[in-house]
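**Student:** Just to be clear, the model below is a prediction. Sequence and coordinates:
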Amino acid sequence: MSKIAFIFPGQGSQYVGMGKDFYDSYEEVRDLFKLANEVTGLNLEEICFTENEKLNQTEYTQIAMLLTEMSILKVVRKLGVTADMCAGLSLGEYGALAAADVLSDRDLLSLIRKRGIYMQNAYPTGGGMCAILGLDTELVEKACEETDGYVRIANYNCPGQLIITGEKVPVTNAANKCCELGAKKTVELNVSGPFHSSLLKDAADKLADELKKVSINNPAIPYVCNVDATAVTTNENIAGLLSDQVISPVKWEQSFKFMLDNGIDTFIEMGPGKTLSGFAKRIDRAAKVISIQTVEDLEKISEVCNG
């Protein structure tokens, strides 16, 4: 019998039309959109399904991405597939919270809308992020340490792919140092702030205040948190972990390895794109990963349902 983990991607893989076939095919998804519109005061059908500039703005991207992930999750659950563990990358951690029944749908949607706004506004200018490809972690850390100004690793995605974050000029300088140290490539990210850095402390503090207002349940299944890449099994520290996540590195590679070490052999990625599936193959070529982003993809999990 397979041991299954549900995994959820973060910002960057969103696209116009994501989740549209789930919306068209399942009443429970349309009901979830209705709730999201009510909670946020937005028109999420318009943001998710039509050409617009909002989809790539953090304050809207986050709610649109989470809504899509929650929609797919509802349908996968309806098919009878259950998970032994769950995790999500950055924003995707809130998809994992949905999978672990940590927060109500209403509270999740409300929180992520506020998180997006807080992160968009916390450091509106002067920040940056850059992907570093093909350089060992130790050398990327060395480049950051030797660069004047604030720059650090934001994401440990997979072997050979790290993201650095911080003030714009130091990020550029550290990226140049990484090239000198042998990086195959650096890619400046089109983001609205220096995510997962202490420059977003204002956003983290505001999110912490919001988390005090919601009811946080014990996870129904363990979820692996970004901050320390270990399983969360009680509600005791969840609020602190979620506020810390805004200003802490995302330990995705470590989280994925933790799940493998704990017997997970099948990963179901829910959400737009196949980012996590790509990372998985770089972490462990033998890992079995199923990506669900369309209704047609549901056929891939029939063997899991029957297993």
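**Tutor:** Right, received. Where do you want to start? Numbers count the residues shown, from 1 in each chain.

**Student:** would you list every one of the helices in the stretch 1-150 of the chain?
**Tutor:** Remark: helices assigned in the stretch 1-150 of the chain by DSSP state H, counting those that start in this stretch are 20-25, 27-40, 44-49, 58-78, 93-99, 105-122, 137-145.

**Student:** and of these, who's closest to residue 275?
**Tutor:** Residue 275 lies closest to helix 58-78 among the helices of the stretch 1-150 of the chain, at 11.4 Å (C-beta to C-beta). Using the backbone N, CA and C atoms, a C-beta is placed for each residue, glycine as well.

**Student:** Deepest-packed of the helices of the stretch 1-150 of the chain, please.
**Tutor:** helix 93-99 (a mean of 28; mean count of other C-beta atoms under 10 Å).

**Student:** packing partners for it?
**Tutor:** With contacts taken as 3 or more C-beta pairs under 8 Å, 6 or more residues apart in numbering; DSSP states H and E, helix 93-99 sits against strand 4-8, helix 58-78, strand 85-88, helix 105-122, strand 223-224.

**Student:** Tabulate those in TSV, adding columns for distance to residue 197 and mean pLDDT.
**Tutor:** Formatted as TSV, the helices and strands packed on helix 93-99 follow (distance: least, C-beta to C-beta, whole Å; pLDDT from 0 to 100):
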stretch	distance to residue 197	mean pLDDT
strand 4-8	22	97
helix 58-78	14	96
strand 85-88	19	98
helix 105-122	10	96
strand 223-224	22	98
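
**Student:** can I get these in JSON lines with distance to residue 245?
**Tutor:** Formatted as JSON lines, the helices and strands packed on helix 93-99 follow (distance: least, C-beta to C-beta, whole Å):
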{"stretch": "strand 4-8", "distance to residue 245": "14"}
{"stretch": "helix 58-78", "distance to residue 245": "13"}
{"stretch": "strand 85-88", "distance to residue 245": "10"}
{"stretch": "helix 105-122", "distance to residue 245": "10"}
{"stretch": "strand 223-224", "distance to residue 245": "12"}
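
**Student:** list the contacts for residue 152?
**Tutor:** 144, 164, 165, 166, 197, 249 (C-beta atoms under 8 Å, 6 or more residues apart in numbering).

**Student:** Which of the residues you listed ranks first by neighbour count?
**Tutor:** Highest neighbour count within the contacts of residue 152: residue 164, with 31 neighbours (other C-beta atoms under 10 Å).

**Student:** my guess is that one contacts residue 132, does it?
**Tutor:** Yes: if you go by C-beta atoms under 8 Å, residue 164 and residue 132 touch, sitting 6.1 Å apart.

**Student:** For residue 159, give me its contacts.
**Tutor:** Listed by C-beta under 8 Å, 6+ apart, the contact partners of residue 159 are 253, 282, 283.

**Student:** ChimeraX command for the buried members of those residues?
**Tutor:** Entered in ChimeraX, the line below selects the buried ones among these, by 16 or more other C-beta atoms under 10 Å:
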select :253,283
